[in-house]
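how would this look folded up:
(one chain, ligands or ions: 1)
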Amino acid sequence: MRVHLVNPSHISFGTAVITPRWLYVLAAATPRSWGDPVLCDETLELLDPAAIAAGDVVGIGIHTANALRGYEVGRLARERGAWVVFGGIHPTLYPDEALDLGGAHAVVKGDGDEVWATVLDDCARGEPKRIYEAGQVPGKDFKSARWDLLPANRYMWASVQTVRGCPKHCSFCSVWRTDGQAPRQRDAEAVVAEVVELRRRGFRFIALADDNFYPVTLADLAQAARRSDPARLRLLEAQRAERFELMARLAQLPDDLVFYTQITMEAAEDDAFLEAMARARIRGALVGVESVTPEGLKDVYKGFNLTGDELVTRLRKFEQRGVYVLGSFIFGLPSDRPETFDATAELAERAGVAFAQFVMLTPFPGTVDFERWEREAHEACERVDGIPVSRHWLIHPERRPKVYAPHPVMSPDEIRRRTQGVWDRFYALPRIWARARVVRSLRGRLAFVLISKLYRQMYANTGIATDSARMARSARMARWIAKPCRRLFMAAPMPDLQVPAA
Ligand code: SF4
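Reported below is the predicted structural model:
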């Protein structure tokens, strides 16, 4: 009786950019009495169903985008007589779907870190519950990942989590609803121990897979002080102090490490925080710019962002402190107009962002935007292969319509073409090469160019393109680029590296 953990994907690249952290965390949550779980990341290779035997337990983690493939895997595993258990954001929102369509015996809602051992015991007794309400585990109880189970030479970046939850409430994002608005921060020592283990194995680049690395802003502190709320102020100050403690510990690690995280733009006004990030070698951050107009920010409930020259200055501040920005922009907001596309591309260039992603406003389950759109889509009763478009993730990928929120002045195709145009402009080779000047060594510049091209192939062409031949070409190209890219990111292992004394 073995445990299998599967990260489903319709497309396999042979090499992946970032380790799917949940696989290795759930492996750690699997009691040793079950033996080492068999891990399958389908972004590398598809599952071999013959590896599953009757009585095994197959845990499948899904989000909305890979739900359909997850359900195929679930049915395959059930046909082979295995116990099938689903977890992840999507089954947390739609548990019945996994039970009805994915062959699931059980669904875990919420964080699996603690409940997984119980699920396995219940399966062993032949009595799994249909639903496990696992809720939100406190930061101190997050499991450290089983990196000893990593396959050799497959991933470029490792991933470590330092905090779950985000206090904001952006309308296109489900994180604040599924992970909660109270930041759950992990103990610095647990984070450092994982980073040391990864560096021993030759990983230099580590993504801090956090919802929001900067959960307490200066404005939050000022507001708590203004409201004469000493308890709230003490809590926020303690949370902020924990962030600084973590960054101070990261700063003690080997100086060839590079961290990357996700953060809100407000961090740029917090000099002490930016300095601590630089010392900790947090050299890159995904910053959700979303829109370059005040109307656009209002559309997504993100009024705390800036626009125009102030936005350029704020984004440049990250770079001045050595934190390179991956700017994330959304197209298709109700206030967007045809001229918004060029204005966004120009601003991204003026602000000196090193990387950028341009996503089309897509209503994802669990978000405020989705609820609004779902009501309208339900009224319109549009269907593909008998499936309502409000459940677009259940339609076969080849026939799946790209689902975008309806727009007052542009058609979905116009938004898609213009978005593709901005990707083409931002990732033209001469522009990438000019941006690569932020890296000093030739090897570093080469890595910058390759990762830019890879990102573009993996995301823009497979994510936005509507034509399947183009998607297949992009997947082939990504496969081809990924191998040399991986070698550029790795370093000589440091097997004797120790956790520095606190
Ligand atoms: S988009 Fe970012 S800042 Fe907004 S709620 Fe989601 S995680 Fe938080």
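
residues touching Thr261, list them.
Ala207, Leu208, Asp210, Phe213, Ile282, Gly284, Ala285, Leu286 (CB atoms under 8 Å, 6 or more residues apart in numbering). Placement of C-beta: from N, CA and C, glycine included.

give me the secondary structure label for the last one.
Just to be clear, that refers to Leu286. Following DSSP: H, G, I helix; E, B strand; the rest coil, the label given to Leu286 is strand.

what about the residue nearest in space to the middle of the chain, distance to Cys173?
Per CA atoms, centre = their mean, the C-alpha nearest to the average position across the chain is that of Ala209, at 6.8 Å. Using CB to CB, to the nearest Å, Ala209 is found at 15 Å from Cys173.

then Asp100?
Per CB to CB, Asp100 is found 27 Å from Cys173.

between those two, who's got more neighbours?
Ranked by neighbour count (other CB atoms under 10 Å), Asp100 and Cys173 place Cys173 first, with 22 against 11.

need the contact list for that one.
Cys173 neighbours (CB under 8 Å, 6+ apart): Cys166, Thr367.

could you look up the SS state of it?
Assignment for Cys173 (three-state DSSP): coil.

tell me the phi and psi of it?
Reported as degrees, to the nearest 10, the phi and psi values for Cys173 are phi -120, psi 140.

outside of stretch 104-115, which residues touch it?
With CB under 8 Å, 6+ apart as the criterion, stretch 104-115 contacts 22, 25-26, 29, 59, 61, 74, 78, 83-87, 91-92, 95, 98-99, 116, 119, 122-123, 128-137, 141-143, 164.

near Arg234, how many other residues are there?
The number of residues packed near Arg234 is 11, by other CB under 10 Å.

quick one: the helix or strand encompassing Asp342 to chain centroid distance?
Element membership for Asp342 (DSSP states H and E) is helix 338-350. Chain-centre distance of helix 338-350: 25 Å, with CA atoms, centre = their mean, to the nearest Å.

the contacts of stretch 104-115 in strands, which ones?
59, 61, 83-87, 131-135, 164 (DSSP state E).

what is the most widely separated pair among those?
Maximum pairwise distance in these, criterion CB to CB, is 27.2 Å, between Trp83 and Arg164.

got the residues of the chain near the ligand?
Within the chain, the positions lying close to the ligand (CB under 6 Å from any ligand atom) are Cys166, Lys168, His169, Cys170, Cys173, Val175, Trp176, Asp211, Asn212, Thr264, Gly288.

just to revisit the earlier point, against which helices or strands is the helix holding Asp342 packed?
If contacts are counted by 3 or more CB pairs under 8 Å, 6 or more residues apart in numbering; DSSP states H and E, helix 338-350 sits against helix 308-320, strand 324-331, helix 412-426.

can we see that at 10 Å?
Helices and strands touching helix 338-350, by 3 or more CB pairs under 10 Å, 6 or more residues apart in numbering; DSSP states H and E, are strand 282-290, helix 294-299, helix 308-320, strand 324-331, strand 355-360, helix 412-426, helix 429-435.

gap between Ala268 and the ligand?
The gap separating Ala268 from the ligand is 14 Å, by CB to the nearest ligand atom, to the nearest Å.

let me fix that, I meant to ask about Gly102.
Gly102 sits 26 Å away from the ligand, going by CB to the nearest ligand atom.

next: Ala231.
24 Å.

in a strand, Val17, correct?
Yes. Looking at Val17 with three-state DSSP, it is inside a strand.

what's the closest non-adjacent residue to it?
Met156 (5.1 Å; CB to CB, 6 or more residues apart in numbering).

go ahead and confirm that neighbour touches Thr19.
Yes. Counting by CB atoms under 10 Å, Met156 touches Thr19, with 9.1 Å between them.

list residues touching both of these two?
Phe203, Ala207 (CB atoms under 10 Å, 6 or more residues apart in numbering).

coming back round to it: which residues touch the residue nearest to the centre of the chain?
Ala209 neighbours (CB under 10 Å, 6+ apart): 18-22, 157-164, 260-262.

skip the chain neighbours and tell me the closest residue to it.
Using CB to CB, 6+ apart, the closest residue to Ala209 is Ser159 (4.3 Å).

so the one you found is in which element?
strand 155-160.

which of the residues in that strand are buried?
Neighbour counts over strand 155-160 (16 or more other CB atoms under 10 Å) mark Tyr155, Met156, Trp157, Ala158, Ser159, Val160 as buried.

again, but for stretch 435-448
Arg435, Ala436, Val439, Arg445, Ala447, Phe448.

show me the shaky parts of the stretch 401-502 of the chain.
403, 458-474 (pLDDT under 70).
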